[in-house]
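# using only what follows, build the 3D model:
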Amino acid sequence: VYIANTPYQSLYDNYDFGIYMGAEFAGIHIPTFEEMVKLCRYLGCELYVEVKEMTSEQTPIACDIVQKYGMANNTVWAGSVAQMTEVLSKIPFAKVGIMTPQTITTAIIDSAAELLNGKNRVFLFGWNTTTLTDALVERMIAKGVTYEMGTLNNAAAIYAYYAQGSAYHYCSGVETQTILAGKV
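Purely as a prediction, here's the structure:
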């Protein structure tokens, strides 16, 4: 099942997303975006929203939901420059990330920097295979753009990433698919 192409009600009616964890989790269904925002607020979590698959009609709705639950300061958005422009039109102080190709160029850095408005933060999102050079890092620093990357799922991989050289030390965030807090 390709979730992006399946109506939510069909997913809700036909799939139990908890049962694979054990019988005590039976009946847990995939949450709506609004339910996820409410849960993050309840737990005091930061929400990370990749809008790369959202349409220009959906992005403002997602922004409205985040604002409705007072999560605008605790939500990080990532997608294209155009999508992040849409987010910033609704939430001018949002932290936004530009999903990058494997190769970062000065043009990508400059286009990300154009999203800075004096109220927000902007970062480039790359991968552990994205090459960073001192010159690229210097340009990001000069433009006020930070760098985050994914996806490393254990402490050894994170240590190996940072051991590649001083340019890689500029990475200020690592996305994981597991909980590593306090381990790195």
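# for the chain, which strand is longest?
strand 121-127 (DSSP state E).
# strand partners of it, parallel vs antiparallel please.
Strand 121-127 has the following sheet partners, assigned by DSSP bridges: strand 95-99 (parallel), strand 146-150 (parallel).
# show me the shaky parts of the protein.
Filtered on pLDDT under 70, the chain yields the residue ranges 179-184.
# can you map out the strands along it?
With DSSP E as the criterion, the chain has strands at 47-50, 75-79, 95-99, 121-127, 146-150, 171-175.
# mind putting the ones you listed in JSON lines, mean neighbour count included?
(C-beta placed from N, C-alpha, C; glycine too.) Shown next, in JSON lines, are the strands of the chain (neighbours: other Cβ atoms under 10 Å):
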{"stretch": "strand 47-50", "mean neighbour count": "18"}
{"stretch": "strand 75-79", "mean neighbour count": "22"}
{"stretch": "strand 95-99", "mean neighbour count": "23"}
{"stretch": "strand 121-127", "mean neighbour count": "21"}
{"stretch": "strand 146-150", "mean neighbour count": "19"}
{"stretch": "strand 171-175", "mean neighbour count": "16"}
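# which one of those strands lies nearest to M36?
The closest of the strands of the chain to M36 is strand 47-50. By Cβ to Cβ, the value is 7.2 Å.
# which strands and helices sit next to that closest one?
Applying 3 or more Cβ pairs under 8 Å, 6 or more residues apart in numbering; DSSP states H and E, one finds that strand 47-50 makes contact with helix 33-43, helix 58-68, strand 75-79.
# so what does the shortest one touch, helix or strand wise?
Using 3+ Cβ pairs under 8 Å, 6+ apart as the contact criterion, the secondary-structure elements in contact with strand 75-79 are strand 47-50, helix 81-90, strand 95-99.
# what angle separates it from helix 58-68?
170 degrees (axes from the mean of the first three to the mean of the last three Cα atoms, to 10 degrees).
# identify the spatial nearest neighbour of T131, chain neighbours not counted.
Nearest residue to T131, sequence neighbours excluded (Cβ to Cβ, 6 or more residues apart in numbering): T103, at 7.1 Å.
# distance check, the one you found against A94.
26 Å (Cβ to Cβ, to the nearest Å).
# neighbour count winner among these two?
A94 (24 against 10; other Cβ atoms under 10 Å).
# may I have stretch 152-168 exported as PDB, CA atoms only?
The C-alpha coordinates for stretch 152-168 follow below in PDB (Å, rounded to 0.1, in the frame of the first residue of the first chain):
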ATOM      1  CA  LEU A 152      22.100   7.900  11.100                       C
ATOM      2  CA  ASN A 153      20.600   5.400  13.500                       C
ATOM      3  CA  ASN A 154      23.400   4.600  15.900                       C
ATOM      4  CA  ALA A 155      26.100   6.400  17.900                       C
ATOM      5  CA  ALA A 156      29.000   4.800  15.900                       C
ATOM      6  CA  ALA A 157      27.600   6.200  12.600                       C
ATOM      7  CA  ILE A 158      27.300   9.600  14.100                       C
ATOM      8  CA  TYR A 159      30.800   9.600  15.400                       C
ATOM      9  CA  ALA A 160      32.100   8.400  12.100                       C
ATOM     10  CA  TYR A 161      30.300  11.200  10.300                       C
ATOM     11  CA  TYR A 162      31.900  13.900  12.400                       C
ATOM     12  CA  ALA A 163      35.300  12.200  12.100                       C
ATOM     13  CA  GLN A 164      35.400  13.000   8.400                       C
ATOM     14  CA  GLY A 165      36.900  16.400   8.900                       C
ATOM     15  CA  SER A 166      36.400  19.800  10.300                       C
ATOM     16  CA  ALA A 167      33.800  20.900   7.600                       C
ATOM     17  CA  TYR A 168      31.500  18.200   8.900                       C
END
